[in-house]
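Asker: Task: produce atomic coordinates for the following.
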Amino acid sequence: MTARQYTMQGKFSEDYSVITFATNKLTYAWFALNCAQSVVIHNDIKVFVVSNLDFAIPAGFKNNIFIIPVKPEHIPLGIEIKLHVDEYIQTQHTLFIDSDCICFGHLNDIFDAAKGQDVTVAGNIVPAENWCGAKQAKTINEQFNLDKLIRYNGGLYYIKRSAISTAIYQKAREIGQQYDSLGFHRINNKGINEEGPMSIAMMLNNQQPIADNGRTMTDMHTDQRPRIINVLTGERLMRNPEYPSPNHRSWYPAQYSPLILHFGGANLKAYPYRSQSLLLKLSTIGAPVWLATALVDTFIHGPYKTYHWLRGLLRKLKTSL
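Answerer: Numbering: from 1, shown residues only. Here you go, the predicted model:
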């Protein structure tokens, strides 16, 4: 099946959709709407937002973005709700995209790359100790007879509606109950990160990842201040610093353009994310792309880039004295 067969005159068929979560805090609804709008700008596809919050879908997006209620028992879970994505999928083929992500292009390539898998991610199969350390790798090998895991970022999942995908999520939830004894670290000493249990469950069910080369989905690790980034035009370019920089990733090229960028954490308050959020708001109220771009370049990118350039210059001056 080729990418063209997924869509009808640019519109995805009813077999395809995107899903994201926004529970408990209105801030998450804001992130989810930004994510959903960025998807719809580049794709005529349905986006489902799982939520227990009261917020409105912008008028121009009501044919593509829909709210579905979260199950009451999942409301207290926080990020752990990602272990229950399978219980919310609405179509045969689904992309889960974290609410703190922005989409910069057409999703056909991701659906194409996921062909033949039931649950997959953008990642690489690596020796377990390369991802979680020797001690935990030994525990995982003893418990599950696995010496390799899928190293990935949980901002993106492909899920096919199937018995295998249900089995994978059920196994991941079962592993989640052993989370502490298996040596996984909790988020802020509280929440469960789904990546470890999901990696084990996918490996046990012979799932192959989409090769992680930075072009499918990535985070801000290698480049926290991209020189080119515009959700409306789809332009984006990120740099991978050379070794021995601690931000270097040996499996990434020197420059790359991800379809989906996972901001996360403190990066949601930094100017790259704020600029994309403002671009989306300006687009929603009808501002032409050229005008929205000019305003954001003038009032966000320009001042912040100047600020960081001056900080860097001052650091160099101090070290040279």
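Asker: can we go C-alpha only for contacts and neighbour counts from here?
Answerer: OK.
Asker: which residues touch the nearest residue to Tyr16 once chain neighbours are set aside?
Answerer: Spatial nearest neighbour of Tyr16, chain neighbours left out: His93 (4.9 Å); criterion: Cα to Cα, 6 or more residues apart in numbering. His93 is in contact with 15-17, 158-161, counting by Cα atoms under 8 Å, 6 or more residues apart in numbering.
Asker: which one of those sits closest to Val49?
Answerer: Of all the contacts of His93, Val49 sits closest to Ser17, with 11.0 Å by Cα to Cα.
Asker: Tell me how many other residues crowd that closest one.
Answerer: Per other Cα atoms under 10 Å, the neighbour tally for Ser17 reads 21.
Asker: if we can go back for a sec, adding distance to Val50 as columns, could you present the contacts of His93 in CSV?
Answerer: Below are the contacts of His93 laid out as CSV (distance: Cα to Cα, whole Å):
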residue, distance to Val50
Asp15, 18
Tyr16, 16
Ser17, 13
Tyr158, 17
Ile159, 16
Lys160, 18
Arg161, 17
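Asker: And those residues, which of them are buried?
Answerer: Listed as buried from these are 16-17, 158-161; burial here means 16 or more other Cα atoms under 10 Å.
Asker: what's across from Tyr158 in the sheet?
Answerer: Applying DSSP bridges to Tyr158 gives these bridge partners: Leu95, Thr120.
Asker: Now do the contacts for it.
Answerer: Applying Cα under 8 Å, 6+ apart to Tyr158 gives the contacts 93-96, 111, 114, 118-121.
Asker: And Tyr16, by the same measure?
Answerer: Taking Cα under 8 Å, 6+ apart, one finds 6, 45-46, 91-94 in contact with Tyr16.
Asker: And for the closest residue to Gly78 other than its chain neighbours, the neighbour number?
Answerer: Among residues not flanking Gly78 along the chain, Gly191 sits closest, at 7.0 Å (Cα to Cα, 6+ apart). Per other Cα under 10 Å, the neighbour tally for Gly191 reads 14.
Asker: again with Ala211
Answerer: Counted with other Cα under 10 Å, residues neighbouring Ala211 total 16.
Asker: Worst mean pLDDT across the helices and strands of the protein, which element?
Answerer: Ranking every helix and strand in the chain by mean pLDDT, DSSP states H and E puts strand 7-8 at the bottom, with a mean of 48.
Asker: Let me know the next secondary structure element after that strand.
Answerer: Next helix or strand after strand 7-8 toward the C-terminus (DSSP states H and E): strand 11-12.
Asker: bridging residues for Ile210?
Answerer: Under the criterion used (DSSP bridges), Ile210 bridges to Ala122.
Asker: hang on, it packs against Val119?
Answerer: No. Contact criterion Cα atoms under 8 Å: Ile210 and Val119 do not qualify, at 10.5 Å.
Asker: circling back to that earlier point, tell me which of the contacts of Tyr16 is nearest to Arg236?
Answerer: For the contacts of Tyr16, the nearest to Arg236 is Ile45 (21.8 Å; Cα to Cα).
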